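> Model the following, please.
(chains A, B and C)
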Amino acid sequence: MTHAVEFQGVVRRFGSVFAVDHVDLAIEEGTFFAMLGPSGSGKTTCLRLISGFEKPDAGTVRIFGQDMGAVPPNLRHVNTVFQDYALFPHMNVRDNVAYGLMVRGVPRAARNTQAEDMLALVKLDGFADRKPGQLSGGQRQRVALARALVGQPRVLLLDEPLGALDLKLREAMQDELKALQKRLGITFVFVTHDQGEALSMADRLAVFSNGKIAQIGTPADIYDRPRTRFVADFVGSSNVLPPEMTQALGGPARWSSLRPEALHLAPAADTPLKGRVTGLRYLGAGTRLTITLPAASQVGTDLPGVEIAALVPTDQPLPEHGSEVGLKFAPSALHLMEGA
Amino acid sequence: MSFATEPQGGAQPVSHPARGPGDRLTGLFWRNPRLLTALLIAPPLIWLGVVYLGSLAALLLQSFYSIDEFSGVVVREFTLRTYGELFRPANLDIIVRTTTMAASVTLASAVLAFPIAYFAARYARGRWKAAFYLGIMLPLWSSYLVKVYAWKLILAKEGIITWAADSIGATPLLNAALALPVVGGNSLSTSYIGTFLVFVYVWLPYMILPMQAALERVPVSMLEASADLGATPRQTLRRVILPMAMPGVIAGSIFTFSLTLGDYIIPQIVGSSRLFIGQAVYQLQGTAGNIPLAAAFAVVPIVVMLVYLSLAKRQGAFDAL
Amino acid sequence: MRSDRAPRSLTLAAIGGLLFLHLPIVLIFVYAFTTEERTYQFPPPGLTLKWFAVAWHRADIWPPLYLSLRVATVSTAMALVLGTLAAAAMSRARFFGRDQMSLLILLPIALPGIITGMSLRSAFSVMDIPFSTFTIVLGHATFCIVIVYNNAVARFRRLSGPIVEASLDLGANGFQTFWHVILPNLGSALLAGGMLAFALSFDEVIVTTFTAGQQSTLPIWMLNELVRPRQRPVTNVVAIVVFAATFVPILIAYYLTRTGHETAGGGK
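Alright, predicted model coming up:
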């Protein structure tokens, strides 16, 4: 079947640095796809390869099966919501939204109608005559969205679109974006460095590291079954356990991960896994404990001072700072990872 | 419109066809970004390369020609004789006089510029900042000739300075200054003191601006840190502010030095009859018709500036430009 | 607002310095009204308005004024085209010879005017080019390029990123992007650069004396009057005109670029 976006062996080098290092990727039509990674991991370059602002040094980028190798950005039926919105400062909101229609020769009356319909869709009716400088960050974000959607792109690219908004607005916009995508059915490709955002919005996501895709899958795949230490570290707040520790906990000599919420407090006498509480952090839905395991505990590890995190739900009693606690977990919660 | 409510099928194309030369050229430039850069840079490059570098080359070429002393015709043959003439005592005098003047003007400008630059950078805010900016920018840009003319009026024997000295009883002081050997003269407008004053006045803004730019980069917290560590204001000035201002001083001095070296209007209008490099170039190419020697003289400021720039570069002066 | 205040001596020195920069120019205005026409007597023995009428009727002033206006207009137009092209190219990605190019743009204004003037004079002599309006323009356009360039390049750099990409992304080609996005945002910087270039050209005398031959621009006319004065107050009237012709464009340029991060004139 044809994919909305397909990368085959795509390479993009800047000097001697591989920004994108032989990436293969397929994004299905109609999905909300997130590219997640720290800055410099290659996710934004991948987005720019789709929009056409970067050209691959090797490999091919296809959109709905068509090779984009010779298609400049202005002829691609793909639009972008830019990181800082990149609204045209000298045009009012209506002209900003209608810009893509204007350069394609749509008559003024028709393009103004379409632009105002689009503004209504993003709940900005009545703002058409304002200049971008007179809008709040959230409003600018909506204008950028309307401007990118008015041309009915086959794929919508979003480059950290929520990065500049404050927390509350960001959460509201996450829900709206998700609903909008469902309603329009357009493929959204979304770049972010915020793992919470990626996990909560995306149907599928790719985690980038050093120009490569470390893992690709559904949010649940990535969260519960990270394939490498990098993914486990970057996505969420998992305990990453070295092979010796995994072995001591009854697994093979491999790196593994253990979610803090999979660990339950137990009386110290009942379990071999125990340590001293060295930190408590209240998180709202629960309290995150930092427990330092003794240098040579009964578990058999001889790694000095390994720290492990456990999440205690609000309805359970909290141990004292410095007290000794035991920890239990279901064997299936111990997730084994690849590599050393 | 239907789009807002119905999911998209595969109805829309993935790419648009090119619609004319504009799209086709955009595609061409997208595939070869260097082609666009080359097309953009070509006209100014050709202009500056041909007109300016070509002229500089012509200047160098002329300086290696010589003039036939009897016929006054330029002999278009390579020779170092014209450069040799620069070392005749009268010509060497001109070079030393001009360089000394340029150095003194630079020094005086730096001293005068500091309080203005420091005040503008550190204390001026809001409206005052704008006032200072304009107050420095306007004299910098306003007519050079008008400024020089203004000083001819000020320094004239019957002018405002004589009048002011007379009004406050400082005439003996003025006369004493004019009686000084070498720098003195018949009146201020025919003495080196006068020339020096006009040079300092005209080039001062060129010193203030880079100095201010350098001082803007001194964070107030750094001065507070210095005071906090027990430095007196004088020590802070000497150990923190002045060293931080140095790159700006050097950048500004490049302007004051170079501009003084090459000027010939100011010493012609205000000053004694002894020549500066610029006047020598002007007279030699004009009335004397000795273009080769004029060209050789014009090469002198270039050489002096190149030496000065290489020294300044080692001090990191170009970061402040 | 900071709470600390400048020491009084520093404030006085700074204000004194600014006065030093401005008071001499005021004198030009005063002397335009004096009744004394042979010396620069101060204070003026009497005041009169007649020199403005005299200047108006002096036939030798008008041709230099026209020549100056013509030269400044043509030079500014050429500098606008060449300086904008240079700024557009230089704000794009790094390319081979970029640093050399920026030095080349800067050189005509970094080296003393006498070198630019003498170089052009040498070139005209080597190639046997007769003096004309064109030879004056050749010099003026060359040193005006950097003025336009300096004003445009900072703006270009700010423009070349996101909003140009946004325009292409929305389907505009390069020419549509230039017309609808770049030009409207570049306009004020170009106008400011053009104003400054005009002011610089209108007032220029050092390079011009080498490239004008027997022709006389207004500054050259003034220079001749300074060396061999006839009616001194008339020179002051002309000086006021020259001053206004440079002052007004500078003020306009300042207000055009005031709100941006770059302010006109830093590069002279």
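
> For residue 29, which non-adjacent residue is spatially closest?
I went with chain A, as the question did not name one. With sequence-adjacent residues excluded and distances taken as CB to CB, 6 or more residues apart in numbering or on different chains, residue A:29 is closest to residue A:4, at 4.4 Å. To be clear about C-beta, it is placed using only N, CA and C from the backbone, and glycine gets the same treatment.

> my bad, the chain I had in mind was chain C
Nearest to residue C:29 is residue C:240, by CB to CB, 6+ apart, at 6.4 Å.

> Is that neighbour part of a helix or strand, or is it coil?
helix (DSSP: H, G, I helix; E, B strand; the rest coil).

> wouldn't it be in contact with residue C:30 here?
No - with contacts counted by CB atoms under 8 Å, residue C:240 stays clear of residue C:30, the gap being 10.8 Å.

> between those two, who's got more neighbours?
Each of residue C:240 and residue C:30 has its neighbours counted (other CB atoms under 10 Å in any protein chain shown); residue C:240 has more, 20 against 15.

> ok, now which ones touch that one?
Contacts for residue C:240 were tallied using CB atoms under 8 Å, 6 or more residues apart in numbering or on different chains; they are C:28, C:29, C:32.

> can I get those residues in JSON lines with neighbour count?
Below are the contacts of residue C:240 laid out as JSON lines (neighbours: other CB atoms under 10 Å in any protein chain shown):
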{"residue": "C:28", "neighbour count": "21"}
{"residue": "C:29", "neighbour count": "14"}
{"residue": "C:32", "neighbour count": "23"}
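
> could you dump those to CSV with pLDDT, secondary structure and distance to residue A:203?
Converted to CSV, the contacts of residue C:240 look like this (pLDDT from 0 to 100; DSSP: H, G, I helix; E, B strand; the rest coil; distance: CB to CB, whole Å):
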residue, pLDDT, secondary structure, distance to residue A:203
C:28, 80, helix, 76
C:29, 80, helix, 76
C:32, 79, coil, 80
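
> Using TSV, lay out those together with distance to residue C:22.
Shown next, in TSV, are these (distance: CB to CB, whole Å):
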residue	distance to residue C:22
C:28	11
C:29	12
C:32	17
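
> and the residue in the stretch 101-250 of chain A positioned nearest to chain B, what are its phi and psi?
Closest to chain B within the stretch 101-250 of chain A is residue A:185: 3.1 Å, counting by CB to the nearest CB. With angles defined as degrees, to the nearest 10, residue A:185 sits at phi 70, psi 10.

> ok, it touching residue A:28?
No - in this structure residue A:185 lies outside contact range of residue A:28 using CB under 8 Å: 12.0 Å.

> Near chain C, which residues of the stretch 1-150 of chain A are found?
A:51-53, A:72-75, A:78-80, A:82-84, A:86-90, A:99-100, A:102-104, A:147-148 (CB under 8 Å from any CB of the partner chain).

> can you pull the contacts of residue A:12?
Here residue A:12 is in contact with A:18, A:19, A:20, A:42, A:45, A:49, A:54, A:55, A:56, A:57 (criterion: CB under 8 Å, 6+ apart).
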